[in-house]
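Asker: Sequence isn't available, so here's the structure alone:
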């Protein structure tokens, strides 16, 4: 069985993230949607909330497993015995950033990173843009899955 990892902070999950994970799920038997835990980063949503948004948004994709991890990506790759890491590319800047990470992970795990070009309709979607719109009280429905949007508003009402 071929296994892939789609890592990210998913803070919050976007339509772009879901598109990428679903595309990976068509190509691999098992896909881990892996929420990153970076102790040096301040997140808008808790790990549990980010995982819940992912699970709700991917409930129709049976071969996706949502997990979180802390540490080096290459360690998680080895832990899951993954065959590939899948990342999305929206721009040349993304490519440069992701290539550095891909080279590092390949050197330490022997596993390739597959870089998928983002759907042109989703190229401007980012978690940063979503958070900015949320802070300004703007509509985010075009940027996040319906399931995640419901949870986001629930979390924000707290």
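Answerer: Structure received. Given the structure is predicted, the values throughout are model-derived calculations rather than measurements.

Asker: Low-confidence stretches in the chain?
Answerer: For the chain, residues meeting the criterion pLDDT under 70 lie at 158.

Asker: Please, where are all the helices along it?
Answerer: 15-27, 47-57, 73-80, 92-109, 127-135, 146-157 (DSSP state H).

Asker: List the buried residues in the longest one.
Answerer: Meaning helix 92-109. Buried residues in helix 92-109, counting neighbours by 16 or more other C-beta atoms under 10 Å, are found at 94, 98, 102, 105, 109. Every C-beta, even on glycine, is put in place using the N, C-alpha and C of the backbone.

Asker: Distance to residue 66 added to those, as JSON lines?
Answerer: JSON lines is the format used below for the buried residues of helix 92-109 (distance: C-beta to C-beta, whole Å):
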{"residue": "94", "distance to residue 66": "23"}
{"residue": "98", "distance to residue 66": "21"}
{"residue": "102", "distance to residue 66": "23"}
{"residue": "105", "distance to residue 66": "20"}
{"residue": "109", "distance to residue 66": "21"}
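
Asker: of all the helices of the chain, which lies closest to residue 118?
Answerer: helix 15-27 (6.0 Å; C-beta to C-beta).

Asker: for the closest one, packing partners?
Answerer: The elements that helix 15-27 packs onto, with contact taken as 3 or more C-beta pairs under 8 Å, 6 or more residues apart in numbering; DSSP states H and E, are strand 3-8, strand 30-37, strand 84-89, strand 112-117.

Asker: I'd like those as TSV, with distance to residue 152 and mean neighbour count appended.
Answerer: Output for those, formatted as TSV (distance: least, C-beta to C-beta, whole Å; neighbours: other C-beta atoms under 10 Å):
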stretch	distance to residue 152	mean neighbour count
strand 3-8	16	23
strand 30-37	15	23
strand 84-89	21	22
strand 112-117	25	15
